[in-house]
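1. Next come a sequence and a model predicted from it.
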Amino acid sequence: MRTYEDVHIMVLRNDIEGLIRAAKDPDETIRLEAVKALRALNPPEAQSVLANALSDSSANVRRAASRLSEAESEKGSLRWLWIVLGTWGVGAILLALFILILMFSDGNFGHTGQIIAILVSGIIGVVLLSIAVVKLRKNVEE
């Protein structure tokens with residue numbers, strides 16, 4: 001028989017197999033704590049157990065397991081943020097190029113304000129675009 005404290009000891013020991021067994025325990029409290037712990041640790045081998053917990057007889061266990069899918073969808077919902085950030089980066093780079101074209105089309109090769117605007121817009125654009133690309137790649141890999 002497992003107790004509430006046993007589940008927490010398994011978490012401290014990172015005992016995934018023990019938590020998987022505890023998620024199938026007859027006691028609802030043990031199953032609930034095990035599902036919460038597996039959700040927090042999120043190991044790949046526990047995904048099927050967490051999916052099975054969605055059809056558990058206890059509403060509390062089902063609710064705890066469903067929060068896993070909400071957390072995964074939140075990760076996916078941040079994707080729009082990185083796309084917008086990348087779009088702003090491209091926009092800032094285009095702004096820098098536009099200022100550069102205007103600077104050379106007037107025949108007055110380089111007012112200080114134009115040069116500073118080109119540098120600032122270009123640097124901000126490159127930084128925003130690189131952050132967005134890194135985050136989107138990491139999101140795809142996960």
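-> Received, thanks. All values derive from a computational prediction rather than experimental measurement.

2. For the rest of this, base every contact and every neighbour count on C-alpha atoms.
-> Will do.

3. Identify the residues contacting residue 50.
-> Counting by Cα atoms under 8 Å, 6 or more residues apart in numbering, residue 50 makes contact with 35, 38-39, 65, 68.

4. repeat that with 10 Å
-> Contacts of residue 50 were listed using Cα atoms under 10 Å, 6 or more residues apart in numbering, and they are 20, 23, 34-36, 38-39, 42, 56, 61-62, 64-66, 68-69.

5. same question, residue 91
-> Residue 91 sits next to 85, 97, 121-122, 124-125, 128-129 when contact means Cα under 10 Å, 6+ apart.

6. just residue 112 next, same as before
-> Contacts of residue 112 by Cα under 10 Å, 6+ apart are residue 118.

7. ok, which stretches of this structure are helices?
-> Applying DSSP state H to the chain gives helices spanning 4-13, 16-22, 28-41, 47-53, 59-77, 79-105, 112-141.

8. JSON lines for those, including mean pLDDT?
-> Below are the helices of the chain laid out as JSON lines (pLDDT from 0 to 100):
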{"stretch": "helix 4-13", "mean pLDDT": "81"}
{"stretch": "helix 16-22", "mean pLDDT": "88"}
{"stretch": "helix 28-41", "mean pLDDT": "86"}
{"stretch": "helix 47-53", "mean pLDDT": "86"}
{"stretch": "helix 59-77", "mean pLDDT": "67"}
{"stretch": "helix 79-105", "mean pLDDT": "83"}
{"stretch": "helix 112-141", "mean pLDDT": "83"}
